[in-house]
Structure formats: C-alpha cells, structure tokens
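Undergrad: make a model of this:
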Amino acid sequence: MVMKVVIDRDLCQGHSVCLGECPEVFDVVEEDEGYPMVKVLIENPPEELRDKVMKAANYCPNSVITIVEE
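TA: Residues are numbered from 1 along each chain as shown. Purely as a prediction, here's the structure:
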C-alpha cells in the first residue's frame, strides 16, 4: 500500500510540529493573512519515512494531518 498525506488546511494553525518531526515531507510557510500553513512536500512519501510521517500526524496539536492508505 502507498500512503498519502492529506492536510485539513482550514484547521491548520502552523505550529510546525510536523516540520520538526518530518522535514522531508512537511514545510510550514507564511501566508499573507492568518496563520502560517503546513505545506506537503511529498504527497506520497516513501515507506522508509512512514514512522516519521505517523509521528507528525499523531503529534499535530490540531489533528490536521490524515494518512490515507491507497
């Protein structure tokens, strides 16, 4: 199975926890208005990053990261 990273940008507040856990897959960028937002760098990350991606999803303060198995 291939994992896909899905972000709920409406709930993201840019805490950057995901960036700290897995900078290979996530970035946080400044927005013109409002909070900084998470940006997914690799929508379908390789299997060797699974643990880091799962930690990023689990530790997200607003629970905006969903991992979908395709």
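
Undergrad: let me know the pLDDT of Gly31.
TA: For residue 31 the amino acid is Glu, not Gly. You'll see Glu31 listed with a pLDDT of 83.

Undergrad: contacting residues for it?
TA: Met37 (C-beta atoms under 8 Å, 6 or more residues apart in numbering). Any C-beta I mention is one placed from the backbone N, CA and C, and that applies to glycine too.

Undergrad: how about the helix of greatest length in the chain: buried residues?
TA: Ordering each helix of the chain by length in residues (DSSP state H) puts helix 50-59 first. For helix 50-59, a neighbour-count test (16 or more other C-beta atoms under 10 Å) marks Lys52, Val53, Ala56, Ala57 as buried.

Undergrad: any chance you could map the helices in the protein?
TA: Counting by DSSP H, the chain has helices at residues 17-21, 50-59.

Undergrad: I'd like the ones you listed laid out as TSV, including distance to Arg9.
TA: What follows is the helices of the chain, written out as TSV (distance: least, C-beta to C-beta, whole Å):
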stretch	distance to Arg9
helix 17-21	13
helix 50-59	15
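
Undergrad: skipping adjacent residues, who's closest to Lys4 in space?
TA: Val68 (4.5 Å; C-beta to C-beta, 6 or more residues apart in numbering).

Undergrad: pLDDT value on the one you found, please?
TA: 97.

Undergrad: Provide a list of residues in contact with it.
TA: Per C-beta under 8 Å, 6+ apart, neighbours of Val68: Met3, Lys4, Val6.

Undergrad: before we move on, what about Met3?
TA: Asn44, Pro45, Glu47, Arg50, Val53, Ile67, Val68, Glu69, Glu70.
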